[in-house]
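Asker: Sequence and predicted model, in that order:
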Amino acid sequence: MKFPSRLFEYQRQLLKEGVFEAYNQWIFGSVQNLTGFQNWTTTHSEAYNQFTNAQKNRMFKVPQGQYYQTVSR
(Lines give C-alpha, C1' and ligand atoms only; values in the text may rest on other atoms or scores of the structure.)
Protein backbone atom coordinates (compact mmCIF):
# COMPACT_ATOMS: atom_id res chain seq x y z
CA MET A 1 0.00 0.00 0.00
CA LYS A 2 1.45 3.35 -1.02
CA PHE A 3 0.04 5.16 2.01
CA PRO A 4 -0.65 2.63 4.76
CA SER A 5 -3.68 3.42 6.86
CA ARG A 6 -4.72 1.46 9.94
CA LEU A 7 -8.29 2.69 9.47
CA PHE A 8 -8.53 1.24 5.96
CA GLU A 9 -6.95 -2.01 7.14
CA TYR A 10 -9.55 -2.18 9.90
CA GLN A 11 -12.39 -1.53 7.46
CA ARG A 12 -11.12 -4.29 5.14
CA GLN A 13 -11.09 -6.61 8.15
CA LEU A 14 -14.72 -5.72 8.90
CA LEU A 15 -15.67 -6.44 5.28
CA LYS A 16 -14.06 -9.89 5.52
CA GLU A 17 -15.92 -10.57 8.77
CA GLY A 18 -19.22 -9.51 7.20
CA VAL A 19 -19.94 -6.77 9.75
CA PHE A 20 -19.04 -3.65 7.77
CA GLU A 21 -22.69 -2.58 7.44
CA ALA A 22 -23.09 -2.86 11.22
CA TYR A 23 -19.94 -0.75 11.63
CA ASN A 24 -21.39 1.92 9.33
CA GLN A 25 -24.64 1.93 11.28
CA TRP A 26 -22.72 2.13 14.56
CA ILE A 27 -20.56 5.05 13.46
CA PHE A 28 -23.06 7.07 11.39
CA GLY A 29 -26.58 5.70 11.85
CA SER A 30 -27.77 7.29 15.08
CA VAL A 31 -26.45 10.70 14.07
CA GLN A 32 -27.90 10.60 10.58
CA ASN A 33 -31.33 9.19 11.45
CA LEU A 34 -31.98 7.93 14.98
CA THR A 35 -35.29 6.25 14.15
CA GLY A 36 -33.78 4.54 11.11
CA PHE A 37 -30.81 3.42 13.19
CA GLN A 38 -33.06 1.97 15.89
CA ASN A 39 -35.12 0.15 13.26
CA TRP A 40 -31.96 -1.19 11.64
CA THR A 41 -30.54 -2.50 14.93
CA THR A 42 -33.86 -4.19 15.69
CA THR A 43 -34.13 -5.90 12.31
CA HIS A 44 -30.40 -6.75 12.13
CA SER A 45 -29.81 -7.52 15.79
CA GLU A 46 -27.58 -10.54 15.15
CA ALA A 47 -25.15 -8.62 12.91
CA TYR A 48 -25.20 -5.59 15.18
CA ASN A 49 -24.56 -7.67 18.31
CA GLN A 50 -21.76 -9.55 16.55
CA PHE A 51 -20.09 -6.25 15.67
CA THR A 52 -20.57 -4.56 19.06
CA ASN A 53 -19.35 -7.63 20.99
CA ALA A 54 -16.22 -7.81 18.85
CA GLN A 55 -15.75 -4.04 19.12
CA LYS A 56 -15.64 -4.26 22.91
CA ASN A 57 -12.60 -6.53 22.67
CA ARG A 58 -10.65 -4.42 20.15
CA MET A 59 -8.37 -1.53 20.75
CA PHE A 60 -7.85 0.68 17.72
CA LYS A 61 -4.41 2.26 17.69
CA VAL A 62 -2.91 4.24 14.84
CA PRO A 63 0.74 3.22 14.42
CA GLN A 64 3.30 5.92 15.05
CA GLY A 65 3.83 8.12 12.00
CA GLN A 66 0.75 6.77 10.22
CA TYR A 67 -1.22 9.96 9.89
CA TYR A 68 -1.54 12.28 6.95
CA GLN A 69 -2.38 15.91 6.57
CA THR A 70 -2.59 18.32 3.71
CA VAL A 71 -0.37 21.35 3.56
CA SER A 72 -2.30 24.60 3.31
CA ARG A 73 -0.97 27.10 0.84
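Answerer: On my side now, so go ahead.
Asker: Would you state the strands of the chain in chain order?
Answerer: Applying DSSP state E to the chain gives no strands.
Asker: got a list of what the residue nearest the centre of it touches?
Answerer: By C-alpha atoms, centre = their mean, the chain has its centre lying nearest to Tyr23, at 4.1 Å. Applying C-beta atoms under 8 Å, 6 or more residues apart in numbering, we find Tyr23 in contact with Gln11, Leu14, Phe51. Every C-beta, even on glycine, is put in place using the N, C-alpha and C of the backbone.
Asker: gap between the last one and Gln66?
Answerer: Read that as Phe51. To Gln66, Phe51 is 24 Å away according to C-beta to C-beta, to the nearest Å.
Asker: quick one: which of these two has more around it?
Answerer: A count of neighbours by other C-beta atoms under 10 Å puts Phe51 above the other of Phe51 and Gln66, at 22 against 13.
Asker: contacting residues around Glu17?
Answerer: Ala54.
Asker: where are the low-confidence patches of this structure?
Answerer: Applying pLDDT under 70 to the chain flags the ranges 1-3, 68, 73.
Asker: All set now, cheers.
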